[in-house]
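Quick one, structure for this:
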Amino acid sequence: MNEEQFVSKNFRNFYAKSDLSVPAISQREFGVGDFGKKISRRHLSFQSDSELNTYLREQAPLFISYSLAYYEFPERSPMSSKSFLGADLIYEFDADDLKTECKQRHDSWSCPKCEGTGKGSLDNCPKCGTPVKKEQWFCPECLDATRKQSFVLLDLLENDLGLDKGISLNFSGNAGYHIHLRGDSVKDLSHEARIELLDYLTAKGLDFAKQGFYESEKTFFCPYPKQAKGWGKRLLVLLEKLLGEGDSSKIAAFGGISVKKAKELLANKEQVLAAMREKGILYSISGRKNKQFWESILSHLVSSNTLDIDRQTSADIRKIIRVPDTLHGGTGLLAKSFSREEFKEFDPLSDTVVFSDESVKVFINKSPKIYLKGNWFGPFNEEEAKLPLYAAIYLVAKRRANLVG
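Numbers count the residues shown, from 1 in each chain. Below you'll find the predicted structure:
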């Protein structure tokens, strides 16, 4: 039995016991993938959940995705012949888009030109400038960062934009989370409207005045906390956090003022916070225009707290994406769906493990420490190891291990 057959056999065993349900299944295009390739065949369609489940049990594809779009004829090709009927909205957060410190521990790169190698995540070789090949892994730390961003997005969608209906959540099966929005409120949104929503959610071109931050008669105003929403509310929280840290050098750098003036501001911190909360006024910086200072501070807070949503996924209404509650062929983990309440305690590297603790002997080429089902394994470097089935499938699916015996 080779590695692909090994993974496929275990996937088939899982699907033999699963029972998927897909909303509006007959109007969606499906695509499947093989070992190491997410999409190898598209333009598939299923008329019922029963038909889809039979296919999964018989074929056990290593990847299966469906369209955000609804079509009258989803099986037709080319795309123009499908007859577009509308589309869901989806927002995707992947840990590989975030600059977390843990990447220095588990990610690595190699240069195809000068053969340089190194740890961490970068785009170009520091020696010759050639685009590098990345080896990306995901741990509890970076996946928790994607979860925090997902909660911020949910808050903006529900409380600021009023999009609180038809939301479903699931783990991607690998690097992050998918937030689906379905229903009449989003189905008919144009491509341009989806971009406009995305720009607001990612604070692209954010207008501070529309969020309640503006200057009038040499006084810089902010929204009252009880009335603030969306980015206005979020910026107030970030401002209070910045002032609470009491770091004059940070405030000086962000606002473009001297450390001396930053210390003056912090010396009056309680009065500054009281004026923000009770009067909707921000502290006046002596000898400098308030507008320039506060907008510089706000701009930094926006840039350092912007949501890293995958723009291509959110804007492309023709895209197909992992079917929730199916297995990811690159990890063997479940793209598990969950409720908003369950999300708070969700552990993506434990709650999505579906395979047993049965011992499997593998030869591992190279791997950093990995965390699965509450256990750490590795690091490994050209060595044999006996691993539980779920860890063996994870490393084999990532093409870092081979079966022994």
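
residue boundaries of the helices in the stretch 1-150 of the chain?
3-15, 49-59, 103-106, 140-155 (DSSP state H, counting those that start in this stretch).

quick check: mean pLDDT across the first one?
I take that to be helix 3-15. What helix 3-15 shows for mean pLDDT is 96.

How about that helix, which residues are buried there?
3, 6, 7, 8, 10, 11, 14, 15 (16 or more other CB atoms under 10 Å). Glycine gets a C-beta too; all of them are placed from N, C-alpha and C.

how close does the fourth one sit to residue 332?
Read that as residue 8. According to CB to CB, to the nearest Å, residue 8 stands 11 Å off from residue 332.

Could you do the third one as well?
The spacing between residue 7 and residue 332, counted by CB to CB, is 7 Å.

For the two, list the residues in contact with both.
Common neighbours of residue 7 and residue 332 (criterion: CB atoms under 8 Å, 6 or more residues apart in numbering): 393, 396, 397.

I figured residue 273 hits residue 240, correct?
Yes. Look at residue 273 against residue 240 with CB atoms under 8 Å: they come within range, at 6.5 Å.

part of a helix, is residue 179?
No. Counting by DSSP: H, G, I helix; E, B strand; the rest coil, residue 179 is not found in a helix; it is strand.

Based on its surroundings, how many neighbours for it?
Number of residues near residue 179 (other CB atoms under 10 Å) recorded here: 19.

Equivalent analysis for residue 289, please.
Residues lying near residue 289 (other CB under 10 Å) number 13.

tell me the pLDDT at it?
pLDDT for residue 289: 75.

mind checking how far it is from residue 239?
From residue 289 across to residue 239, the span is 18 Å (CB to CB).

Identify the residues contacting stretch 113-133?
The contact list for stretch 113-133 (CB under 8 Å, 6+ apart) reads 96, 99, 103-105, 107-112, 134, 136.

my guess is residue 167 meets residue 179, correct?
Yes. The criterion here is CB under 8 Å, and residue 167 meets it with residue 179 at 6.7 Å.

Spit out the residues that contact these two alike.
Taking CB under 8 Å, 6+ apart as the criterion, residue 167 and residue 179 both touch 154, 157.

Tally up the residues packed near residue 374, please.
By the measure other CB under 10 Å, the count of residues near residue 374 is 9.

re the thing from before, could the helices of the stretch 1-150 of the chain be laid out in TSV, adding distance to residue 130?
Below are those laid out as TSV (distance: least, CB to CB, whole Å):
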stretch	distance to residue 130
helix 3-15	30
helix 49-59	40
helix 103-106	20
helix 140-155	26
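
how about those, which one is nearest residue 216?
helix 140-155 (29.1 Å; CB to CB).

Please identify the buried residues of that closest one?
Here helix 140-155 shows 142, 143, 145, 146, 147, 149, 150, 153, 154 as buried, counting by 16+ other CB under 10 Å.

now the fourth one: how far from residue 190?
Same thing as residue 146. Using CB to CB, residue 146 is found at 28 Å from residue 190.

try residue 125
To residue 190, residue 125 is 41 Å away according to CB to CB.

neighbour-wise, which of these two wins?
Neighbour tally, residue 125 and residue 190, criterion other CB under 10 Å: the higher count belongs to residue 125, 21 against 9.
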